[in-house]
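**Student:** Pasted the sequence and its predicted model underneath.
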Amino acid sequence: MTLNSVSTKTWRVLARQSRTIFTLASISTLAFVTLLYLSQDGTDAFLPESWDYELPQQWDWKKLAKEWRASTVSDVPMEDDPFEIEESAHVWDNTCHEAVDKELKVAVYDWTPFHEEVVGSILASLNDTGVQTDMYRRALRYSFTDILETFYPTRDPKSFRYQHELMPKLREGDYDALIMTSCDERWIQPELLEILPTLTNMSVICLHHEMWSFNAHRSRLLNVAKADKLTFLTLGAHVKVLVKEENTGPWTADGEDGALQWTNVPTEVFVPIFPLPESIVLPSRATKRITPNDVAVLGDVDDWGRRDYPKLWANLMQAIQEDPGAWGYTISPENGHFIPSLEATDVQPFRVHLFGARKEGTVIPEELLEHVLVFYSGLDYIDYYRELSKLDLVLPILGSDEYTRNRATAAFPAGVISRVPALVKPSQLKAYSYLEPPAIVLHPEGTHEVEVLAAMRRGQDPWTSVNAPESNPVLSPMSRYSHSGLLDEHLRRRPDSHHGREDWDSYVADV
């Protein structure tokens, strides 16, 4: 795969959109996929030895932003476009490059007390375009500005503004596009809800986090949809599918206006990733890490929430008790606690690093507390990503299938940002279609993360749990996927795939 082919793909995406900004989804996805391919080092191990830190800057987005406004639309595909263009598609005529007098002006609106990662990802993508961006949100938690200011000025002249300052500017038509970080009415000020139906002369981009509140805002956006100015963003392919399904239901006609079809509203996937500042030095491992010794679980620690901690405790307890040496521990004869082994051995103690507040009353086995579990709470974002980047794997341990049906987890993007692979199942790979090696270690459906970790620490393939030949203690993830055909099929079938079979075969051969 070449950078030119990715750039051409981007032009194709731009061509198919009649709006200004919602190509953010494609920009972030393509940048991420390119990063993964550029960062390979051919390591023959389960875990990548290192990950390139800097996000590639392969396109001149400032020039593209001006061409959005200056170019005309043609029905004829570009001569150098190797991709098949749908019959009804339009492409931008790049023969017209007249500079515009006014830069594109974009307002980003967020009224939530969270979503820092989404805000940062949107601003990072907009910064690449060179458009004039104003952020309407005052407070950012946990010193997120320390990360944000590396790619978006958080002080004069472009500074964060109070949300109420946005309303008069919208009435005056000061912006070309409005990006709302949430479509949920709970996180939109009443005054903005009243203004939304009048915003028919600008692009409105609205991000869906959860599907249960999907229909709550429809009436507010009806006029914008009728004017062909509305775009929905989602944080995963599975949510995009669900949004489209919702848009084809019997409620696609609103009120007396039965002609409106919500199926015409474009829906795109936005990958919430952004570059880390140079002050975070990602660790470089001196030796190959063949087995996972330190893994991360992201999310508040409780007995009932979004992560299945009780099952993690139970499976981990059983695994260590059955074979403590394989996990780098001995069992104390006094109290049964797990004690790091003092014997001269290559087996390092296994630890689970928990990033999230420990809720009061959460039941955790005493045997795990002293040495196996490491707790982090209230970290600034800089320290959060710095600590996370030191670890070997991210464990999703999702508590239900809702994260592959109607909402997106932040665990996978956090792993990508920190260059830490995640342990994923095929259903999760399908839902989060932007994930590829080296960002993943694949394991079968129906197997728990602890079972997979045990196999990896025994030198077994996490996909087949079959002992690998002694000459090759662990199979390369890429070779394994190529043999099974699973990941190859995943890349071929996914909507945003731009990988040719030749590129894939060449890449596997290199590994």
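**Tutor:** Structure received.
**Student:** and the nearest residue to N201 once chain neighbours are set aside, how many neighbours does it have?
**Tutor:** With sequence-adjacent residues excluded and distances taken as Cβ to Cβ, 6 or more residues apart in numbering, N201 is closest to G173, at 6.5 Å. To be clear about C-beta, it is placed using only N, CA and C from the backbone, and glycine gets the same treatment. Taking other Cβ atoms under 10 Å as the criterion, the count of residues near G173 is 11.
**Student:** Relative to P113, how far out is G173?
**Tutor:** 30 Å (Cβ to Cβ, to the nearest Å).
**Student:** what's the closest non-adjacent residue to D300?
**Tutor:** Distances taken as Cβ to Cβ, 6+ apart put G356 closest to D300, at 4.2 Å, once the chain neighbours are dropped.
**Student:** That neighbour contacts G299, doesn't it?
**Tutor:** Yes. In this structure G356 lies within contact range of G299 using Cβ atoms under 8 Å: 4.8 Å.
**Student:** Low-confidence stretches in the stretch 401-511 of the chain?
**Tutor:** Within the stretch 401-511 of the chain, the segments meeting pLDDT under 70 span 465-511.
**Student:** hey, where'd the strands end up in it?
**Tutor:** In chain order, the stretch 401-511 of the chain shows strands spanning 422-424, 440-442, with DSSP state E, counting those that start in this stretch as the criterion.
**Student:** and the first one, what does it pack onto?
**Tutor:** With contacts defined as 3 or more Cβ pairs under 8 Å, 6 or more residues apart in numbering; DSSP states H and E, the secondary structure elements packing on strand 422-424 are strand 393-394, helix 411-418, strand 440-442, helix 449-457.
**Student:** Just send those back as CSV, with mean neighbour count too.
**Tutor:** Compiled in CSV, these are given as follows (neighbours: other Cβ atoms under 10 Å):
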stretch, mean neighbour count
strand 393-394, 26
helix 411-418, 24
strand 440-442, 24
helix 449-457, 22
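**Student:** between the ones you listed, which one is nearest to L242?
**Tutor:** Distance to L242, taken as Cβ to Cβ, is lowest for helix 411-418 among these, at 17.7 Å.
**Student:** Check which helices and strands that closest one is in contact with.
**Tutor:** In terms of contacts (3+ Cβ pairs under 8 Å, 6+ apart), helix 411-418 is packed against helix 116-129, helix 381-388, strand 393-394, strand 422-424.
**Student:** quick one, that helix and helix 116-129 angle?
**Tutor:** Going by axes from the mean of the first three to the mean of the last three Cα atoms, to 10 degrees, helix 411-418 is angled at 50 degrees with respect to helix 116-129.
**Student:** residue contacts, the residue nearest to D300?
**Tutor:** The neighbourhood of G356, defined by Cβ atoms under 8 Å, 6 or more residues apart in numbering, consists of V297, L298, G299, D300, V301, Y376, S377.
**Student:** What about the second one, how many residues nearby?
**Tutor:** Look at L298: counted by other Cβ under 10 Å, it has 24 neighbours.
**Student:** who does it bridge with?
**Tutor:** Using DSSP bridges, the bridge partners assigned to L298 are F355.
**Student:** hang on, A296 in a helix?
**Tutor:** No. Inclusion of A296 in a helix is not indicated when DSSP: H, G, I helix; E, B strand; the rest coil is applied; the result is strand.
**Student:** Spatially, what comes nearest to E449 if we skip its sequence neighbours?
**Tutor:** Going by Cβ to Cβ, 6+ apart, E449 has L395 as its nearest residue, at 4.8 Å.
**Student:** Quickly note the distance from the one you found to N201.
**Tutor:** Using Cβ to Cβ, one obtains 47 Å as the distance from L395 to N201.
**Student:** Quick check on these two: which one has the bigger neighbour count.
**Tutor:** L395 (22 against 10).
**Student:** E246 is nearest to which of the helices and strands packed on strand 422-424?
**Tutor:** helix 411-418 (23.4 Å).
**Student:** Report the inter-axis angle for the closest one versus helix 381-388.
**Tutor:** Orientation note: helix 411-418 sits at an angle of 90 degrees relative to helix 381-388 (the same axes, to 10 degrees).
**Student:** Tell me how far the nearest residue to T267 once chain neighbours are set aside lies from K430.
**Tutor:** When the adjacent residues along the chain are set aside, T267 lies closest to F232, with 4.4 Å between them (Cβ to Cβ, 6+ apart). The span separating F232 from K430 equals 20 Å under the rule Cβ to Cβ.
**Student:** The two - which one has more neighbours?
**Tutor:** In this view F232 and K430 are compared by other Cβ under 10 Å, and F232 has more residues nearby, 27 against 18.
**Student:** Surely K105 is in contact with D176?
**Tutor:** Yes. Using Cβ under 8 Å, K105 is in contact with D176, at 5.4 Å.
**Student:** of these two, who's got more company?
**Tutor:** Ranked by neighbour count (other Cβ under 10 Å), K105 and D176 place D176 first, with 21 against 17.
**Student:** ok, the more buried one - contacts?
**Tutor:** Residues touching D176, when contacts are defined by Cβ under 8 Å, 6+ apart, comprise T20, L104, K105, V106, M202, S203.
**Student:** For my notes, please list the strands of the stretch 401-511 of the chain in CSV and give distance to I364 for each entry.
**Tutor:** Formatted as CSV, the strands of the stretch 401-511 of the chain follow (distance: least, Cβ to Cβ, whole Å):
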stretch, distance to I364
strand 422-424, 21
strand 440-442, 26
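**Student:** V224 is nearest to which of those strands?
**Tutor:** With Cβ to Cβ, the closest approach to V224 among the strands of the stretch 401-511 of the chain belongs to strand 422-424: 36.1 Å.
**Student:** Can you show me the helices along the stretch 401-511 of the chain?
**Tutor:** With DSSP state H, counting those that start in this stretch as the definition, the stretch 401-511 of the chain shows helices at residue ranges 411-418, 426-431, 449-457, 477-484, 486-493, 501-510.
**Student:** buried stuff in the strand or helix carrying R220?
**Tutor:** Assigned by DSSP states H and E, R220 belongs to helix 218-226. Of all the residues in helix 218-226, those buried under the rule 16 or more other Cβ atoms under 10 Å are R218, R220, L221, L222, N223, V224, A225, K226.
**Student:** just those residues now: which is nearest D184?
**Tutor:** Using Cβ to Cβ, the shortest approach to D184 within these belongs to R220, at 11.5 Å.
**Student:** on that earlier part again, any idea which of the contacts of D176 is closest to A411?
**Tutor:** Checking the contacts of D176 against A411 with Cβ to Cβ, the nearest one is V106 at 28.7 Å.
**Student:** Go ahead and confirm the closest one touches T133.
**Tutor:** Yes. The pair formed by V106 and T133 meets the contact definition of Cβ under 8 Å, at 5.0 Å.
**Student:** Please identify every residue contacting each of the two.
**Tutor:** Contact criterion Cβ under 8 Å, 6+ apart; residues shared by V106 and T133: L126.
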